[in-house]
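Chemist: Give me a 3D structure for the following:
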Amino acid sequence: MSKSSDPVVWLAATLLVAGAGLTLWWAADDSSGAGGGGSVGAGGSAGAGGSAGAGGRANGGGSAGSIGSESPSGNGAGSRPGAGWVPSTAVEAVSRDQAGQGLPQGPNCEDRPNPVDIAKDAAAQVEGELRKATAFPDADEAALGERLEREAPNAEPFRGKWDLAQDREKFGIYLQGVVDHLAQYSQRPGLRYRVHVIRDDSFNAFALPGGVMAVHTAVLEGPRAVRSEAELAAVLGHEMAHIERRHPVAAYQYARLIAGDAAADAAVIVHMLKMPISTEYEHEADARGLELAAAGQYDPFAACRLWVRHGESADRPAEPSLGGIVGQVVGMAEQVLHSHPPAHQRCARTREIAKRLNTEGQFERWYRGERNIRQRVPGPKQAF
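Modeler: The predicted structure is shown next:
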């Protein structure tokens, strides 16, 4: 990014890109974990960084892997809805007519006016221009991602938590299988999407440049965990969407500017985690993430149900926790421009997006996969 001739303008621009990436599926309404990733575990060696995900091989985006290699039928514009990979015998699938039944209603799922929307809309226009300036070739982003991936286990919030052996064995291959399936539909086939596991009891996930993602164990186990593979696909699709749109690249460039050229990559990652998040980027990732999940034939209404369930939690705090946390806010202006959208707003918007995707009728049936999430077998491999 080149500096503006007006240093004040340039500084304002860099502040606007502060929330560009490394952003979370669930930061605004998390109920556990202190800022910076919850309580930092005791020191100790972290799992090897830079591995091909938290277990299992990572495919290049856009190419089918061993999971979900079947091409969905009925994909073409105007074609009849197809069966896709979900067999007619799958009991954990739902027809298009049934998918939207019992949708959340009421104040926890309303797109109520937000008094700061005008300011956020203005910021979004500037951020759009800044994002163009941060773009560079996929190969360069992939190299950056691999470098950060190697250093991430040394970042203070992740020491002793990153890719622990028991977590890789329990969750790694399963997570990577779902990611590989969704990666077939990515708009950036030059990237290799891979996922790591962080032992943390806060419900979160985040993205780094170049296809690197991390998921907290609380997403997969415990009282707030996802309840179906379709909900998991919405979480993973959200993070993949951030990567597609190069949000983490912009976040890295801003964090590097703040940390300085001499700062270690692990320190830069911590700066990225502490940044407030662009509301516009979160809405964009919500929308594109649902499109990825639906392209993979997962129930598009799953995200809405997940949002309203978490939004109804009585113990959610006023401020977010890890990754995208408001940890280094400089004045109210930055909070206004880079706070997470309210849970009720995200529920309402994802519900409308899901209605559109369901109406478009790409498939006859959508997959949910409650047993899959418990048995950790990707749906395209075994549809219950």
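
Chemist: what are the ranges of the helices in the stretch 51-200 of the chain?
Modeler: 96-99, 117-134, 138-151, 165-167, 173-183 (DSSP state H, counting those that start in this stretch).

Chemist: Need the per-residue pLDDT for residue 198.
Modeler: Per-residue confidence at residue 198 stands at 98 (pLDDT).

Chemist: Quick check: bridge partners of it?
Modeler: residue 162, residue 216 (DSSP bridges).

Chemist: worst average pLDDT in the helices of the stretch 51-200 of the chain?
Modeler: helix 117-134 (a mean of 56).

Chemist: Which elements pack onto the helix or strand hosting residue 242?
Modeler: Here residue 242 sits within helix 229-244, counting by DSSP states H and E. When contacts are defined as 3 or more C-beta pairs under 8 Å, 6 or more residues apart in numbering; DSSP states H and E, helix 229-244 packs onto helix 173-183, strand 205-208, strand 212-216, helix 279-295, helix 302-311, strand 365-367, helix 370-375. For glycine as for every other residue, the C-beta is placed from the backbone atoms N, C-alpha and C.

Chemist: please redo it, this time with the cut-off set to 6 Å
Modeler: helix 173-183, strand 205-208, helix 279-295, helix 302-311 (3 or more C-beta pairs under 6 Å, 6 or more residues apart in numbering; DSSP states H and E).

Chemist: Give me the sheet partners of the shortest one and which way each runs.
Modeler: Think strand 205-208. Checking strand 205-208 against DSSP bridges gives partners strand 212-216 (antiparallel).

Chemist: Give the buried residues for stretch 136-146.
Modeler: 138, 141-142, 144-146 (16 or more other C-beta atoms under 10 Å).

Chemist: so can I have a markdown table of the residues you listed showing distance to residue 274?
Modeler: Putting these into a markdown table (distance: C-beta to C-beta, whole Å) gives the following:
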| residue | distance to residue 274 |
| --- | --- |
| 138 | 27 |
| 141 | 22 |
| 142 | 25 |
| 144 | 19 |
| 145 | 20 |
| 146 | 23 |
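
Chemist: Closest one to residue 207 out of the residues you listed, please.
Modeler: Distance to residue 207, by C-beta to C-beta, is smallest for residue 145 among these, at 9.5 Å.

Chemist: what sits against that closest one?
Modeler: Contacts for residue 145 were tallied using C-beta atoms under 6 Å, 6 or more residues apart in numbering; they are 208-212.

Chemist: ok, now residue 155?
Modeler: Contacts of residue 155 by C-beta under 6 Å, 6+ apart are 266, 269-270.

Chemist: now it: how far from residue 255?
Modeler: Applying C-beta to C-beta, to the nearest Å, the value for residue 155 to residue 255 is 12 Å.

Chemist: same check, this time on residue 196
Modeler: On the measure of C-beta to C-beta, residue 196 and residue 255 end up 19 Å apart.

Chemist: quick one, which of those two is more surrounded?
Modeler: Set residue 196 next to residue 255 and count neighbours by other C-beta atoms under 10 Å: residue 196 wins out with 28 against 25.

Chemist: you'd agree the more buried one is up against residue 214?
Modeler: Yes: if you go by C-beta atoms under 6 Å, residue 196 and residue 214 touch, sitting 4.5 Å apart.

Chemist: relative to helix 173-183, how tilted is the helix holding residue 242?
Modeler: 60 degrees (axes from the mean of the first three to the mean of the last three C-alpha atoms, to 10 degrees).

Chemist: average pLDDT for helix 229-244?
Modeler: Rounded mean pLDDT across helix 229-244 is 97.

Chemist: Run through who's touching it.
Modeler: Taking C-beta under 6 Å, 6+ apart as the rule, helix 229-244 contacts 21, 23, 25, 178-179, 182, 187-188, 205, 207, 211, 213, 226, 285, 288-289, 292-293, 298-299, 302-303, 306, 368-369, 372-373, 379.
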